[in-house]
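In: how would this look folded up:
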Amino acid sequence: MKRIVDRLPHTESERRIVRHLVIRDPNCGVSDEWVTPEMIFCRQLESVVLSGVTDTSDKTIVRLARENSNIQGLDLTGCKYVTDVSIMELVAKTPPLQWLQLSGVVLTDASVSAIAKTFPKLVELELNDQPLMTAVSVRDIWSYSRKLRTLTLARSPQLTDSALPSPIKTLTPQPSGEKPLPARPHTWLDQLPPLILRHTAIDLRVLDLSHCPKLTDAAVEGIVTHAPLLRSLALAGCPNITDKAVESISKLGLHLGNLTLAHCPQITDNAIVSLARSCTELRSVDLAFCRQLTDMAVFELASLERIHRLVLVRVPKLTDNAIYFLADHTPSLERLHLSYCDRITLKSLHHLVRTCKRLVHLTATGVPGARRTGVGRFSDPPPADLDPDQKSVFRAFSGPNVAALCKFLDKEKLRREQAEAQNIPFIARSDDSMDLY
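Out: A predicted model of the protein is given here:
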């Protein structure tokens, strides 16, 4: 199996034997005008990744579809010049694909429906950043693509509850007699009936519906009913999600390993308590910007034996008690994000890095205690796109810097104890010296 990465084939021999063409680096110098003729000469391709060729055109994809009868997977992430024209040609000419990544390729419902109906063997389908995709085509994905293991529909603002399976299995007939007139729907999409499916998505393991703001608790209930074996679920940026949705997620039990609920402001401690006690195999939980959560939620999450990643960015009610409890009860913790948690002090962070031996990444940007003299020198460099104020409070400690920070804070603690023993004022230092003056 010949695999070529971030370049095009140079010789006729390479063109004959190449099976996998991967161009992910946008700086590799490959442009669409060079890729197009290669689609004619490389006729044994099984997978093509063109996410690094941002000017990929419909002409290239049409030639690929017509000349390659062995193609199994295609990645066009970020290829904004690709349209429905080439996708329709792909559907018409290629054999059933097994994976397809079209995030950032703006498609209409017609193309998405055609993909779902024509490629029944799809195992992975990525359709993020689709401003024109509606419930009509997504319903076809649930109905026809029954072998999916990964489905990502993030940042698709038109999606509503009617795009997802209904938790009910049969329609209940309406009782006869007088009944009030229903509310007039805003659009014809609101008239879609519930999506009632006779099958279950037993193969689906990864589902991403982040930043689909119209989804509600009913959608989550339908997802859990239809896909009971989910391992990873992302619902970040769905502001209508409440505790009821988290209670539905809790039904996934031991199957759930990764959960993202960032920017879901209505979630409270009660939901997290139920989640932690039901889904005991959770390994990664993201609760950033869930402002109603308190230390109680962290106490419950700390009881998870396998938890290794926890995101608590801008959860303002957290205190040192939560950090002490995490440090003492979560030896498996590897990555912790605590940025902009204003009530956390450096003392609790010191206890955390000293106690959690597996901790390899800690973010404490905007935490007042992390601005202490000398702490900043152990931080990773701030991203270049931050403004000066943001760079001044940026604190992220990775790898060896976590141990170095712990050693520095141990030294400063010892200096403080020596200063108190000698009854002299303690002055914080930014270097590694033990001098008290």
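In: mind listing what the closest residue to Pro383 other than its chain neighbours touches?
Out: Distances taken as C-beta to C-beta, 6 or more residues apart in numbering place Phe394 nearest to Pro383, at 7.9 Å, with adjacent residues excluded. Backbone N, C-alpha and C define where each C-beta goes, glycine included. With contact taken as C-beta atoms under 8 Å, 6 or more residues apart in numbering, Phe394 is in contact with Thr365, Ser379, Pro382, Pro383, Leu386.
In: in a strand, that's where the first one is, yeah?
Out: Translated: Thr365. No. Judged by DSSP: H, G, I helix; E, B strand; the rest coil, Thr365 forms no part of a strand; its state is coil.
In: Pretty sure it sits against Ser339.
Out: Yes. Counting by C-beta atoms under 8 Å, Ser339 is a contact partner of Thr365 at 4.0 Å.
In: Show me the common contact partners of these two, please.
Out: Counting by C-beta under 8 Å, 6+ apart, the residues touching both Thr365 and Ser339 are Arg395.
In: returning to that earlier point: ramachandran angles for the residue nearest to Pro383?
Out: Here is the backbone geometry of Phe394 (degrees, to the nearest 10): phi -70, psi 130.
In: on that earlier part again, of the contacts of Phe394, closest to Ala135?
Out: Checking the contacts of Phe394 against Ala135 with C-beta to C-beta, the nearest one is Pro383 at 36.8 Å.
In: Next, that closest one: phi, psi?
Out: Note on Pro383: its backbone torsions stand at phi -60, psi 150 [degrees, to the nearest 10].
In: now do Val402
Out: With angles defined as degrees, to the nearest 10, Val402 sits at phi -70, psi -50.
In: What about Leu132, how many residues nearby?
Out: 15 (other C-beta atoms under 10 Å).
In: I meant to write Asn258 there.
Out: Neighbours of Asn258 under the rule other C-beta under 10 Å: 16.
In: distance of it from Ile307?
Out: Remark: distance between Asn258 and Ile307 (C-beta to C-beta, to the nearest Å) = 11 Å.
In: Repeat that for His361.
Out: Counting by C-beta to C-beta, the gap from His361 to Ile307 is 14 Å.
In: which of those two has more neighbours?
Out: Per other C-beta under 10 Å, whichever of His361 and Ile307 has more neighbours is Ile307, with 21 against 16.
In: can you pull out the strands in the stretch 301-437 of the chain?
Out: Along the stretch 301-437 of the chain, counting by DSSP state E, counting those that start in this stretch, strands occupy 309-311, 335-337, 361-363, 396-398.
In: what would the ones you listed look like in JSON lines with mean pLDDT and distance to Ile115?
Out: Below are those laid out as JSON lines (pLDDT from 0 to 100; distance: least, C-beta to C-beta, whole Å):
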{"stretch": "strand 309-311", "mean pLDDT": "98", "distance to Ile115": "33"}
{"stretch": "strand 335-337", "mean pLDDT": "98", "distance to Ile115": "35"}
{"stretch": "strand 361-363", "mean pLDDT": "97", "distance to Ile115": "37"}
{"stretch": "strand 396-398", "mean pLDDT": "96", "distance to Ile115": "39"}
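In: mind checking which of these is nearest Glu14?
Out: Checking the strands of the stretch 301-437 of the chain against Glu14 by C-beta to C-beta gives strand 396-398 as the closest, at 39.3 Å.
In: got a list of contacts for that closest one?
Out: With C-beta under 8 Å, 6+ apart as the contact definition, strand 396-398 has outside contacts at Val353, Val360, His361, Leu362, Thr363, Ala364, Thr365, Phe378, Ser379, Asp380, Leu405.
In: Who wins on neighbours among those residues?
Out: Counting neighbours by other C-beta under 10 Å, the top entry in the contacts of strand 396-398 is Ala364, with 27 neighbours.
In: Tell me where the stretch 201-350 of the chain has helices.
Out: For the stretch 201-350 of the chain, the helices defined by DSSP state H, counting those that start in this stretch cover 217-226, 243-249, 269-278, 295-301, 320-329, 346-355.
In: Please state the offset of the first one from the chain centre?
Out: Meaning helix 217-226. Centroid separation for helix 217-226 versus its chain: 19 Å, with C-alpha atoms, centre = their mean, to the nearest Å.
In: for the second one, same thing?
Out: Relative to the mean C-alpha coordinate of its chain, helix 243-249 is positioned 19 Å out (C-alpha atoms, centre = their mean).
In: cool, the last one as well?
Out: Average the C-alpha atoms of helix 346-355, do the same for its chain, and the two points are 28 Å apart (C-alpha atoms, centre = their mean).
In: The nearest residue to Gln130 once chain neighbours are set aside sits in which helix or strand?
Out: Nearest residue to Gln130, sequence neighbours excluded (C-beta to C-beta, 6+ apart): Ser156, at 4.6 Å. Per DSSP states H and E: Ser156 is located in neither a helix nor a strand.
In: which SS state does Arg3 fall under?
Out: strand.
In: what is it paired to in the beta sheet?
Out: Beta-bridge partners for Arg3, by DSSP bridges, are His20.
In: any idea how far it lies from His20?
Out: 4 Å.
In: re the thing from before, what sits in contact with each of Asn258 and Ile307?
Out: Leu282, Arg283, Ser284, Val285.
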